[in-house]
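Enquirer: Dropping the sequence and predicted coords here.
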Amino acid sequence: MFPVSLVANGVLTPWLGTLPLPVRAALFAVLFSTVMTYLMMPAVTGLLRRWLYPRRPVRDGS
């Protein structure tokens, strides 16, 4: 979350800096939630899939 927040604040603050703080905070919350849910988490899950979903040893039934 930190890298996404850092980049978005650096890029968007010059354009949104004149908005009132509650409006700016609401826009950032919607943006960060959307980016994290649909872009970052699928990418991170794919990168960590072997750790998140390890293969279980096959038991022979005996």
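Expert: Received it, and whenever you're ready, just let me know what you need.
Enquirer: Spit out the contact partners of L27.
Expert: Contact analysis of L27 by Cβ atoms under 8 Å, 6 or more residues apart in numbering lists 16, 19. Bear in mind the C-beta positions are built from the backbone N, C-alpha and C, glycine included.
Enquirer: What strand or helix carries it?
Expert: helix 21-35 (DSSP states H and E).
Enquirer: Name the residues of that helix that are buried.
Expert: The neighbour-count check on helix 21-35 (16 or more other Cβ atoms under 10 Å) flags 24, 28, 32, 35 as buried.
Enquirer: any idea how far T34 is from the first one?
Expert: R24 is 16 Å from T34, where distance means Cβ to Cβ, to the nearest Å.
Enquirer: what residue lies at the spatial centre of the chain?
Expert: M36 (2.4 Å; Cα atoms, centre = their mean).
Enquirer: Do I have it right that that one meets S5?
Expert: No - if you go by Cβ atoms under 8 Å, M36 and S5 don't touch, sitting 9.5 Å apart.
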